[in-house]
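Chemist: A predicted structure for the sequence below; I have some questions about it.
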Amino acid sequence: MKLHELRDNPGATKKAKRVARGPGSGKGKTAGRGIKGQKSRSGVAINAYEGGQMPLYQRLPKRGFNKPNRKKFAVVNLGLIAKFVEAGKIDAKAEITEDALVASGLVRRKLDGIRVLAKGEVSTKLNIAVTGASRAAIDAVEKAGGKLTVAQVAAAE
């Protein structure tokens, strides 16, 4: 086989239909677009319309549910609280409230409350009062000799 003998498979290529090339072509004048209206103009595609076929976005399954009134908590790790106490930004002797955490700059805003998670180590005795906390965080604070009180029982796991 030589280079000049290479050909596409029969039927693999198709000549483009040349529209608007006179009445003899069968696609002259309006080029098969009909008369007037949005669809006869150039540069127009009706979005997601598939010619009466069920559009893709309607064929795909819908899953899940977004709760409109769900609570969003600001999350703080125990290790960060310990670091701020060591740096002197949070007073360990006083009760550490949500307002104290915001004032120290550890949390930007309270949102629906602050939730404490157990990542990191706690060595000092801390008295923390927040909206929510993980079970592991409560255990870690109590093991260090402190107390972690949760305002809402429903938020604690």
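Modeler: Received it, and whenever you're ready, just let me know what you need.

Chemist: which secondary structure state does the residue in the chain sticking out farthest from the centre sit in?
Modeler: Of all residues in the chain, residue 24 sits farthest from the chain's C-alpha centroid, using Cα atoms, centre = their mean; the distance is 56.6 Å. Secondary structure, DSSP: H, G, I helix; E, B strand; the rest coil: residue 24 is helix.

Chemist: relative to residue 49, how far out is it?
Modeler: 32 Å (Cβ to Cβ, to the nearest Å). No exception for glycine: its C-beta is placed from N, CA and C like everyone else's.

Chemist: again, but for residue 7
Modeler: As judged by Cβ to Cβ, residue 7 and residue 49 stand 38 Å apart.

Chemist: before we move on, what about residue 74?
Modeler: On the measure of Cβ to Cβ, residue 74 and residue 49 end up 45 Å apart.

Chemist: okay, the residue nearest the centre of the chain: pLDDT?
Modeler: Computing the C-alpha centroid of the chain and ranking residues by Cα atoms, centre = their mean puts residue 66 first, at 12.0 Å. Note on residue 66: pLDDT of 91.

Chemist: same thing with residue 155?
Modeler: Residue 155 is assigned 42 on the pLDDT scale.

Chemist: may I see the buried residues of stretch 129-142?
Modeler: By 16 or more other Cβ atoms under 10 Å, the buried positions in stretch 129-142 come out as 129, 130, 131, 132, 133, 134, 137, 138, 140, 141.

Chemist: now for the residues you listed, which pair is the farthest apart?
Modeler: Based on Cβ to Cβ, the longest span within these runs between 131 and 140 and measures 17.8 Å.

Chemist: now residue 116: which helix or strand?
Modeler: If you go by DSSP states H and E, residue 116 is part of strand 114-117.

Chemist: could you do residue 94 as well?
Modeler: For residue 94, there is no enclosing helix or strand under DSSP H and E.

Chemist: let's number from 279 now, not from 1
Modeler: I'll keep to 279 as the first residue from here, and by that count the last item is residue 372.

Chemist: from residue 310, how far off is it?
Modeler: 81 Å.

Chemist: of these two, who's got more company?
Modeler: Shown here are residue 372 and residue 310; by other Cβ atoms under 10 Å, residue 310 has more neighbours (12 against 9).

Chemist: from what I can see the more buried one touches residue 297, true?
Modeler: Yes - assessed by Cβ atoms under 8 Å, residue 310 is found in contact with residue 297 at 6.2 Å.
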